[in-house]
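J.: Below is the structure, and that's it, no one-letter string:
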């Protein structure tokens, strides 16, 4: 069954009741001119995330809630949603973080880039260097992460921001990127690039980076510095498996 909509947008949610900007989603869903369906994926939340979405958003015909019975991690939650929606044959498949650090309008910019190019994937690019703060541990960790990720991915032309949580894929590569479970619960983006590199000749030339003009800082990040130790272990596992 082919959807009348061009884009499927996925919003993975895990314990997001304090961070979901319902009004921003409602306004964008109402006013966007792009034909788009919205899939909120509740990744086994233990709070009222699913109820908040149900009570405020799924009365719209282009909004659906997918509830998972257990927490699978962001990448594998997205995997479930994307593989389910493949039957509807969208042209583009995108995802964005539920906290909207990246504004919803960025999805439209990624869409424009893929429409005008021969790109397979458009990714949002933060200016990590200009926003670098030597006294901010998260800022340091972000730059280190990008450098390590690029070493593992191994493209000659490095990707400026591997981890920004807003990307859009052409239908052609959704199965390539999502058919298998991800090793990492957080770093699945790196696995996407590695899968593309393996399966698509000249993949780097078809990955387009789109500048992120605004980064909302809601001050409620889930990141904790101690997670860097888990991230380092996941990077090791990814590198060992793919390289």
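T.: Arrived safely. Since the model is a prediction, treat every value here as computed from it, not as a measurement.
J.: contacts, neighbours, all on C-alpha from now
T.: Noted.
J.: Show me what the helix or strand of the chain with the lowest mean pLDDT is packed up against.
T.: Lowest on mean pLDDT, DSSP states H and E among the helices and strands of the chain sits helix 137-153, with a mean of 80. Packing contacts for helix 137-153, counted by 3 or more C-alpha pairs under 8 Å, 6 or more residues apart in numbering; DSSP states H and E, involve helix 188-199, helix 227-242.
J.: now it: how far from the chain's centre is it?
T.: 17 Å (C-alpha atoms, centre = their mean, to the nearest Å).
J.: mind putting the helices and strands packed on helix 137-153 in JSON lines, mean neighbour count included?
T.: Output for these, formatted as JSON lines (neighbours: other C-alpha atoms under 10 Å):
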{"stretch": "helix 188-199", "mean neighbour count": "19"}
{"stretch": "helix 227-242", "mean neighbour count": "14"}
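J.: Nearest to residue 15 among those would be which one?
T.: helix 227-242 (17.6 Å; C-alpha to C-alpha).
J.: and the closest one, what other elements does it pack with?
T.: When contacts are defined as 3+ C-alpha pairs under 8 Å, 6+ apart, helix 227-242 packs onto helix 137-153.
J.: in the helix it packs on, what counts as buried?
T.: 138-139, 142-143, 145-146, 149-150, 152-153 (16 or more other C-alpha atoms under 10 Å).
J.: just to revisit the earlier point, looking at the helices and strands packed on helix 137-153, which one has the lowest mean pLDDT?
T.: Set side by side, the helices and strands packed on helix 137-153 give their lowest mean pLDDT on helix 227-242, at a mean of 89.
J.: Next, please give the residue ranges for the strands of the protein.
T.: 7-13, 36-42, 63-67, 92-96, 121-125, 166-170, 207-211 (DSSP state E).
J.: Could you export those strands to JSON lines, including columns for distance to residue 183, mean pLDDT and mean neighbour count?
T.: Below are the strands of the chain laid out as JSON lines (distance: least, C-alpha to C-alpha, whole Å; pLDDT from 0 to 100; neighbours: other C-alpha atoms under 10 Å):
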{"stretch": "strand 7-13", "distance to residue 183": "17", "mean pLDDT": "98", "mean neighbour count": "25"}
{"stretch": "strand 36-42", "distance to residue 183": "19", "mean pLDDT": "97", "mean neighbour count": "23"}
{"stretch": "strand 63-67", "distance to residue 183": "21", "mean pLDDT": "97", "mean neighbour count": "17"}
{"stretch": "strand 92-96", "distance to residue 183": "19", "mean pLDDT": "98", "mean neighbour count": "23"}
{"stretch": "strand 121-125", "distance to residue 183": "21", "mean pLDDT": "96", "mean neighbour count": "25"}
{"stretch": "strand 166-170", "distance to residue 183": "19", "mean pLDDT": "98", "mean neighbour count": "24"}
{"stretch": "strand 207-211", "distance to residue 183": "22", "mean pLDDT": "97", "mean neighbour count": "18"}
